[in-house]
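Asker: all I have is the shape, not the residue letters:
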């Protein structure tokens with residue numbers, strides 16, 4: 001406000017050297033600025049006039065439809081039977097019922113789960129840390145072996161850091177949902193593994209599915 005008064009004072013002092021019309025215009029502008037600075041920026045409306053009637057509320061509730069969490073218009077379901085019961089460990093070979101099959105879907109195709117060193121280390125770790133639910137890593141589930149494995153993995157791969165997931169399914173579905181967003185377009189084979197399908201749904205991206213290995217449909 002002091003600067004405004006100084007401006008007014010200077011105008012009055014200089015009145016002899018300038019026109020009277022100019023003085024009145026500048027004073028009017030000053031008063032207009034003061035008006036804008038002091039006037040209320042908004043008006044509080046009467047709350048009663050904004051209240052909705054019961055009929056209006058029921059109409060809004062009836063018309064409201066929540067947005068889907070995933071993009072249901074561009075998803076597909078697996079074309080394979082997901083209710084197969086495996087009665088053996090998931091190694092290179094698996095047993096379904098009384099028959100043995102060679103599997104290309106298991107993460108244990110190298111047979112490490114039966115390697116003596118792996119069994120010995122796992123047993124020692126269980127004796128030290130126990131077994132059972134521990135909760136998400138972000139809360140209280142991170143153990144020292146987790147951090148060591150991430151450190152050794154990053155060192156082996158030559159990267160700054162690595163992230164450890166509990167399973168390949170969780171890794172694929174989580175990473176795909178993290179790097180792809182709703183404005184992206186994903187082109188995926190209909191026979192892609194379930195983790196890719198879940199990650200695509202969680203990403204809310206526009207997914208374009210094409211028949212398995214059908215290059216003509218892909219083009």
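Answerer: Sure, I can see it. The structure presented is a predicted model; accordingly, all values stated were derived computationally and were not measured.
Asker: can you tell me the centre-most residue of the chain?
Answerer: residue 178 (5.6 Å; C-alpha atoms, centre = their mean).
Asker: confirm that that residue sits in a helix.
Answerer: Yes - judged by DSSP: H, G, I helix; E, B strand; the rest coil, residue 178 forms part of a helix.
Asker: so which elements touch the helix ranked longest in the chain?
Answerer: In the chain, taking DSSP state H as the definition, the longest helix is helix 20-38. Helices and strands touching helix 20-38, as assessed by 3 or more C-beta pairs under 8 Å, 6 or more residues apart in numbering; DSSP states H and E, comprise helix 2-13. Every C-beta, even on glycine, is put in place using the N, C-alpha and C of the backbone.
Asker: now the residue nearest to the centre of the chain: how far from residue 142?
Answerer: Using C-beta to C-beta, to the nearest Å, one obtains 19 Å as the distance from residue 178 to residue 142.
Asker: helix or strand: which one has the closest residue to residue 177 other than its chain neighbours?
Answerer: The shortest distance from residue 177 to any non-neighbouring residue, by C-beta to C-beta, 6 or more residues apart in numbering, is to residue 202 (3.8 Å). Assigned by DSSP states H and E, residue 202 falls within helix 194-203.
Asker: buried residues of that helix, list them for me.
Answerer: For helix 194-203, the neighbour count (16 or more other C-beta atoms under 10 Å) marks 195-203 as buried.
Asker: out of the residues you listed, who's nearest residue 62?
Answerer: Proximity of those to residue 62 (C-beta to C-beta) peaks at residue 201, which lies at 28.5 Å.
Asker: let me know the secondary structure of residue 186.
Answerer: Assignment for residue 186 (three-state DSSP): strand.
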